[in-house]
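In: got a sequence here, can you build the structure:
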Amino acid sequence: MTSPMEQAEIRRLANAIRGLTLDAVETAKSGHPGLPLGMADAATVLFSQFLKYDPADPNWPDRDRFVLSAGHGSMLLYSLLYLTGYRGMSLDDIKTFRKLGSPCAGHPEHGHAPGIETTTGPLGQGIGNAVGMAIAEAHLNKRFGDDLVSHKTYVIASDGDLMEGISHEAIGIAGHLKLKNLIVLYDDNNITIDGARALSDTTDNNKRFEASGWQVDTCDGHNAADVFRALTAAQKSEKPVMINCRTIIGFGMPTRAGTQKAHSDAPGADEVAGAKKALDLPPGAFTLNDGVLEKWREIGKRGASARAEWTKRKSSAQASKDFDDAMAGNIPHALHGALNDYKKKVVAEKPTIATRKASEGVLEVVNANVPSTMGGSADLTPSNNTKTKDMLDFEPQTYGGRYMRWGIREHGMCAAMNGMALHGGVIPYGGTFMVFSDYCRPSIRLAALMQQRVIYVMTHDSIGVGEDGPTHQPVEQLAAMRAMPGLLTFRPCDPVETAEAWEIALNRKDGPSFLALTRQNVATSRSEATDKNLTAHGAYEIARADNAQVTFFASGSEVELAMQARELLKADGIGARVVSMPCWPLFEKQDATYRDATIGNSPVKVAIEAGVRQGWDRYIGPNGIFIGMHSFGASAPYKDVYKHFGITAEAAADAAKKAIGKGK
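Out: Numbering: from 1, shown residues only. As a prediction, the model looks like this:
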């Protein structure tokens with residue numbers, strides 16, 4: 001597009017967004033009309049003249065991505081999807097805005113309708129996702145070339161997005177990496193729910209972005225030619241671009257425009273009528289001016305030729321199959337055999353190593369067989385063991401490497417990994433200390449909500465951290481992650497379970513996985529090599545006993561303690577079995593017969609885990625014995641810490657003997 005559309009035409013098209021928004025919010029008696037009314041002009045310029053998309057094929061891999069980071073303004077997106085002709089977004093859907101079962105949820109939810117690239121609403125997450133999408137595009141462009149991958153990611157972000165701390169992490173990453181394929185339109189309306197932005201924030205966001213290495217521009221968000229100018233200039237940038245769009249929140253509302261009342265309150269019938277009159281809109285609910293829908297549908301078809309040309313290029317591309325496999329997220333069949341070979345090797349050698357180190361060994365196998373993996377760490381690479389020997393760094397302007405140096409940005413890392421997964425073509429994994437999963441939790445929750453394959457490598461998983469003390473010793477985090485719907489939390493006990501956990505996580509396309517890995521060395525507890533993935537059962541009997549009087553349940557490093565406690569009881573003539581429980585949600589998916597047999601009927605049930613008790617009563621009962629943590633940890637060598645808190649094989653064996661009447 002070489003010249004802007006006329007201001008009057010842009011305004012006429014934008015007012016369709018405004019009218020649909022006013023009616024939807026008023027009908028629902030809730031919603032956020034302010035942003036859609038304020039950003040309608042800028043969004044119309046973007047969708048009509050810059051954004052590359054085709055509603056007839058919403059999943060076209062080389063489409064531009066559009067992220068409404070300010071998800072509260074969801075009617076902006078829903079209106080655009082309807083107007084441009086996306087199947088799955090009808091006028092009837094808009095009429096049911098915020099109603100049960102409607103694709104027009106209060107905040108955009110990925111998967112509810114085509115064209116919703118990510119779930120937004122928790123402010124700052126969208127801009128973090130967009131950084132990940134831009135990373136994925138840059139990497140895939142390097143891998144497959146311009147003919148298959150050459151697109152941009154556009155974002156509409158609000159004052160709230162930029163106030164959230166995650167935005168600082170996200171813009172820092174993007175600026176450092178010089179992601180020129182990322183363009184953010186900042187809705188600078190100077191209003192928050194409480195009132196003027198100046199009540200709580202006087203940051204100069206232009207200077208902030210410039211300091212982070214972005215190109216910054218400013219435009220009148222209601223002037224079509226000025227928005228067009230800024231977006232045109234952004235196309236040529238060698239840096240990520242932030243365009244400050246100066247707007248009036250609730251544009252067109254007679255008494256609320258420019259005030260906090262426009263942000264999230266239902267406008268009321270009089271305000272709607274006044275706004276429609278001012279905007280030259282038909283007075284009837286959900287009605288548009290003559291010819292407007294037809295014009296929008298024409299705009300929606302303008303990307304069809306670009307998609308057709310791309311499809312033709314792909315059909316003759318030498319890398320077409322590899323590209324399709326990458327975008328489908330397929331795991332090469334060879335991986336299963338390679339991991340089984342690894343399992344046989346460790347069972348034969350029986351190493352005593354930390355599961356974080358075992359994970360590194362598994363990743364050597366994984367990354368050699370799965371070209372779509374992209375790893376990384378939040379500045380803890382030597383501790384997380386997430387970089388394998390042949391991995392190159394993903395660096396500014398080259399982008400061919402598969403290893404991300406995220407810096408000390410756990411929250412930004414996890415939000416970006418969500419965006420990478422949503423984009424497709426890459427399988428992201430990233431590491432930090434498990435205690436810092438608290439920094440990552442909002443992004444992990446959204447990965448679970450969106451059912452995205454993101455893998456979290458969380459090392460230093462217990463009081464086994466030792467000398468760094470309680471600030472770095474996770475105690476309640478394991479229970480918190482197990483409580484999250486849709487997240488598979490693994491705590492493998494040895495290299496074999498670590499390999500099995502990785503295999504499950506990689507093959508799981510419908511949700512994230514969380515690997516809790518030890519700092520300290522642990523024994524290889526599995527005594528037999530098998531091609532069967534026992535971790536896939538969630539829990540299984542790792543050591544049996546006939547007529548067992550005691551069953552020890554444990555995960556991770558405490559499986560070794562359970563095995564030792566079993567031997568102590570065996571020496572006293574007491575039969576005990578051990579059940580390893582690496583992944584509770586997978587165990588809950590097994591049939592009742594398997595679950596009952598695994599839990600067993602031993603009169604004494606003992607759980608051993610260096611975390612809080614929460615959740616264990618489901619398996620050991622309220623009167624079961626728990627050997628674990630009841631407080632925060634302490635700073636000392638890890639063996640001393642375990643002994644101090646009574647998490648030892650001797651303590652477990654003594655408690656079991658006492659329960660069956662044979663102890664002191």
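
In: check the gap between the closest residue to residue 283 other than its chain neighbours and residue 454 for me.
Out: The shortest distance from residue 283 to any non-neighbouring residue, by Cβ to Cβ, 6 or more residues apart in numbering, is to residue 276 (5.8 Å). C-beta: built from backbone N, CA, C; applies to glycine. As for residue 276, its distance to residue 454 is 44 Å (criterion: Cβ to Cβ, to the nearest Å).

In: isn't residue 178 up against residue 239?
Out: Yes - distance between residue 178 and residue 239: 5.6 Å, which falls inside the contact criterion (Cβ atoms under 8 Å).

In: what comes up buried for the helix or strand that contains residue 26?
Out: Using DSSP states H and E, residue 26 maps to helix 7-28. Across helix 7-28, burial judged by 16 or more other Cβ atoms under 10 Å covers 10-28.

In: do the same with stretch 572-588
Out: 574-587.

In: dump those residues into TSV; add pLDDT, secondary structure and distance to residue 338 as well.
Out: Formatted as TSV, these follow (pLDDT from 0 to 100; DSSP: H, G, I helix; E, B strand; the rest coil; distance: Cβ to Cβ, whole Å):
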residue	pLDDT	secondary structure	distance to residue 338
574	97	coil	41
575	97	coil	38
576	98	strand	36
577	98	strand	32
578	98	strand	29
579	98	strand	28
580	98	strand	23
581	98	coil	26
582	98	coil	21
583	98	coil	22
584	98	helix	28
585	98	helix	26
586	98	helix	22
587	98	helix	26
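
In: of all those, which two lie farthest apart?
Out: Farthest pair in those (Cβ to Cβ) is 574 and 585. Separation: 32.1 Å.

In: residue 484 touches residue 445, doesn't it?
Out: Yes - Residue 484 is in contact with residue 445 according to Cβ under 8 Å; the separation is 6.3 Å.

In: joint contacts of these two?
Out: Counting by Cβ atoms under 8 Å, 6 or more residues apart in numbering, residue 484 and residue 445 have no shared contacts at all.

In: of residue 276 and residue 454, give the one with the bigger neighbour count.
Out: residue 454 (29 against 21; other Cβ atoms under 10 Å).

In: so the more buried one sits against residue 429, correct?
Out: Yes - counting by Cβ under 8 Å, residue 429 is a contact partner of residue 454 at 7.5 Å.

In: list residues touching both of those two?
Out: In contact with both residue 454 and residue 429: residue 417, using Cβ under 8 Å, 6+ apart.

In: what residues are up against residue 353?
Out: By Cβ under 8 Å, 6+ apart, the contact set of residue 353 is 495, 521-522.

In: just the buried residues out of these, in PyMOL syntax.
Out: The PyMOL command for the buried members of the contacts of residue 353 (criterion: 16+ other Cβ under 10 Å) is given here:
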select buried, resi 495+522
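
In: what about residue 280, how many neighbours?
Out: 12.

In: ok, now which ones touch it?
Out: Counting by Cβ under 8 Å, 6+ apart, residue 280 has contacts 15, 289.

In: can we see that at 10 Å?
Out: 11-12, 15, 19, 252, 289 (Cβ atoms under 10 Å, 6 or more residues apart in numbering).

In: and what about it, helix, strand or coil?
Out: Put simply, residue 280 is coil when judged by DSSP: H, G, I helix; E, B strand; the rest coil.

In: also residue 457?
Out: Going by three-state DSSP, the secondary structure assigned to residue 457 is strand.

In: and for residue 137?
Out: Three-state assignment for residue 137 (three-state DSSP): helix.

In: ok, it touching residue 154?
Out: No - shown here, residue 137 and residue 154 do not form a contact pair, counting by Cβ atoms under 10 Å, at 11.9 Å.

In: so what sits against both of those two?
Out: Contact criterion Cβ under 10 Å, 6+ apart; residues shared by residue 137 and residue 154: 64-65, 181-182.

In: what about the contacts of residue 353, which are in helices?
Out: residue 495 (DSSP state H).

In: for residue 112, state which of the contacts of residue 353 is nearest.
Out: residue 495 (40.9 Å).

In: show me the contacts for the closest one.
Out: 342-343, 345-347, 349-355, 357-359, 361-362, 522, 524-526.
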